[in-house]
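Whatever this is, show me its structure:
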Amino acid sequence: MKGDHVRDNRHPHKDISRRTLLQGTAVLSAAAAVSPLIAGRTAAQDNQLTVWGVVSFTEEGDALLGQQMQEWGAANGFEVEYVALPGSDYATRLATAVEAGDVPDVVMMLQDITLFYAEQGRLVDLTDVYDELKDLGGGMYETLLPWVEADGKIYSIPMQSDVSVMYARLDLIEEVTGERVAPTTLDELEQLASEINNPPQLYGIGLTVGRTPDAHGQIAQMILNEGGTLVDETGVPAINNPGTIAALERMKRWWDNGLIPENSASWDDSGNNTAYNSGQAAFVFNPASIFAYLEANDPELLAETTQAPFPAGSAGNFPSVGTWSWSIFEGSPNVDAAKQMIIAIMQPEMVEAVYEKVGGRWYPVYRDLADAPFWQERPFFNDFPEIIENARPIWHPAEASPLLLSQLSAVYQTLILPDMLQQVLINDMSPADAATEAQTRMEQAFAEAAGGQEAATPTA
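Next up is the predicted model:
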């Protein structure tokens, strides 16, 4: 899943969970004594809108987004407050606010959170807003809709495409092959990494194998590309399959051959960023936050770097793509105004300006924006449209549903996939036995999520 990559790109060696609120964007006010998770939110007034979002990795991006909202408010008689919060505990903050009955009018949703609250009947139907926006800018990518649609209704408006890619050192590849071309298959990656590998100064593959959300996403991608699945066509756990075992065997081989840094097992979600940015890893998998950091801080390394699709496995290349999106909670006294504000900030020229301030970490939801000068001047993103168009969701081959996404969210939250990999790498369990154990844990997690969905806390 892709909402797991929330870190501070201005300080790439620090996980965003250690970050304070952005100065100048919002400050948790004295009102927190009554409701500590609400930033300055008092009793609803007819001319006020409160909006929550997740920090965008740049102060400039947060500031522009808030400015756009405030300018809309000034033109329409509303006072708009935009609060940008850290992503590490965002879902928990939101769940607590919902429980207290003191939620913002408009909320940025991360991945599966939308359907979690839609299933509970807490969100406004935004199909009319989507219909007004969907055909702008060449049209929104339909592959983003499963994250925001339930029973034929749209409950959240995608505001960015969340894409993970492979970062590759072109100079190191050139030393081995004589060409500056990234590997397109996992077999090619393994061969190149083996020839480049020179520990402890340089490791071939900076795979995240710690108990982190990043590891969950990378392992899931390996499983999909090796022909495995997490569930079957009915949505029942089915991780114990030949594709999963093949993925575990491949990662075990990488580990045993010393291609993965030994300390990767203790990495947090910034570990692979740090490994690549410091020159310790030749290949890593991550969203575009690495690109944004290199463009701002290390143009020399950027010149030797490419962003490429996740390499194909034995079954092919099946990227999974997510989205962050805008929802309105039932109970807002200003639903119509909130809808109009979303429409205003989601005009292609408005959202493109924000993307550019964010430095590329948020990729467009409108097809034609790929032709904007910002993206055309950065060939690193040339593959993104095709990746989004051909995305395969993590719930393949089942159909998305609020319950299924909540159940998969429980698997993500309890880190079943990273634990499965660590059983193989650290504890020498066979891949087959580790897959069997993960199957049992998934079945338990699915049952618990189905039985207590109302009380569960969604993940970001």
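
Skipping its backbone neighbours, what lies nearest residue 325 in space?
Spatial nearest neighbour of residue 325, excluding adjacent residues (CB to CB, 6 or more residues apart in numbering): residue 156 at 3.8 Å. In short, each C-beta sits where N, CA and C put it, glycine included.

Report how many residues lie close to that neighbour.
30 (other CB atoms under 10 Å).

do the same with residue 198
Residue 198 has 12 nearby residues by other CB under 10 Å.

so what's it up against?
If you count contacts by CB atoms under 8 Å, 6 or more residues apart in numbering, residue 198 has none.

quick one, phi psi at it?
Here is the backbone geometry of residue 198 (degrees, to the nearest 10): phi -150, psi 70.

Distance of it relative to residue 172?
To residue 172, residue 198 is 10 Å away according to CB to CB, to the nearest Å.

Low-confidence bits of the stretch 101-250 of the chain, can you list those?
For the stretch 101-250 of the chain, applying pLDDT under 70 flags no range at all.

Please report the residue range of the longest helix in the protein.
helix 431-451 (DSSP state H).

Check which helices and strands that helix sits against.
helix 242-256, helix 402-413, helix 416-425 (3 or more CB pairs under 8 Å, 6 or more residues apart in numbering; DSSP states H and E).

List the contacts of the residue nearest to residue 325.
Residues near residue 156 by CB under 8 Å, 6+ apart: 109, 114, 118, 123, 126, 147-148, 325-327.

can you check residue 327 too?
106-107, 109, 114, 117, 123-124, 126, 155-157.

Next one: the nearest residue to it once chain neighbours are set aside from residue 174, what distance?
Setting aside the residues directly before and after it, residue 327 is nearest to residue 156 in space (CB to CB, 6+ apart), at 4.3 Å. To residue 174, residue 156 is 44 Å away according to CB to CB.

ok, now residue 361?
Residue 361 is 27 Å from residue 174, by CB to CB.

neighbour count winner among these two?
residue 361 (23 against 13).

okay but residue 93 is in contact with residue 87, surely?
No. Counting by CB atoms under 8 Å, residue 93 does not reach residue 87; the two are 10.1 Å apart.

Between these two, tell me which one has more neighbours.
Between residue 93 and residue 87, counting by other CB under 10 Å, residue 87 is the more crowded of the two (27 against 18).

Wasn't the more buried one part of a strand?
No. Assigned with DSSP: H, G, I helix; E, B strand; the rest coil, residue 87 falls outside any strand and is coil.

wait, doesn't it sit right on residue 109?
No. Look at residue 87 against residue 109 with CB under 8 Å: they stay out of range, at 12.0 Å.

Next, the contact list for residue 361, please.
9, 56-58, 287-289, 291-292.

backbone phi and psi for it, please?
Backbone torsions for residue 361, taken as degrees, to the nearest 10, come to phi -70, psi -30.

can you give me the strands for the stretch 151-300 of the chain?
Ranges of strands in the stretch 151-300 of the chain, per DSSP state E, counting those that start in this stretch, are 153-154, 157-162, 165-169, 203-205, 281-286.

Those: which one's closest to residue 140?
For the strands of the stretch 151-300 of the chain, proximity to residue 140 was assessed by CB to CB; strand 157-162 is nearest, at 6.2 Å.

buried sites along that closest one?
Counting neighbours by 16 or more other CB atoms under 10 Å, one finds that the buried residues in strand 157-162 are 157-162.

Just give me the neighbour total for the spatially closest residue to residue 170 that is not a sequence neighbour.
Leaving aside its sequence neighbours, residue 170 sits nearest to residue 180 (CB to CB, 6+ apart; 4.2 Å). The local packing of residue 180 (other CB under 10 Å) involves 14 other residues.

Wait, residue 180 touches residue 173, no?
Yes. Using CB under 8 Å, residue 180 is in contact with residue 173, at 6.3 Å.

What distance do you get for residue 185 to residue 48?
Going from residue 185 to residue 48 by CB to CB gives 54 Å.

what sits against residue 314?
For residue 314, the contacting residues are 186, 225-227, 246, by CB under 8 Å, 6+ apart.

Need these in TSV (columns: distance to residue 52 and neighbour count).
Listed next are these as TSV, based on distance: CB to CB, whole Å; neighbours: other CB atoms under 10 Å:
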residue	distance to residue 52	neighbour count
186	39	22
225	35	25
226	38	24
227	40	17
246	41	21
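
any chance of those residues in a markdown table, with distance to residue 318 too?
Output for the contacts of residue 314, formatted as a markdown table (distance: CB to CB, whole Å):
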| residue | distance to residue 318 |
| --- | --- |
| 186 | 12 |
| 225 | 6 |
| 226 | 10 |
| 227 | 9 |
| 246 | 14 |
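
okay, residue 185 and residue 48: which has more neighbours?
Higher neighbour count among residue 185 and residue 48: residue 48, with 18 against 15, using other CB under 10 Å.

OK, contacts around that one?
78-81, 334 are the contacts of residue 48 under CB under 8 Å, 6+ apart.

ok and the longest helix of the chain relative to helix 402-413, angle-wise?
Per axes from the mean of the first three to the mean of the last three CA atoms, to 10 degrees, the angle that helix 431-451 makes with helix 402-413 is 130 degrees.
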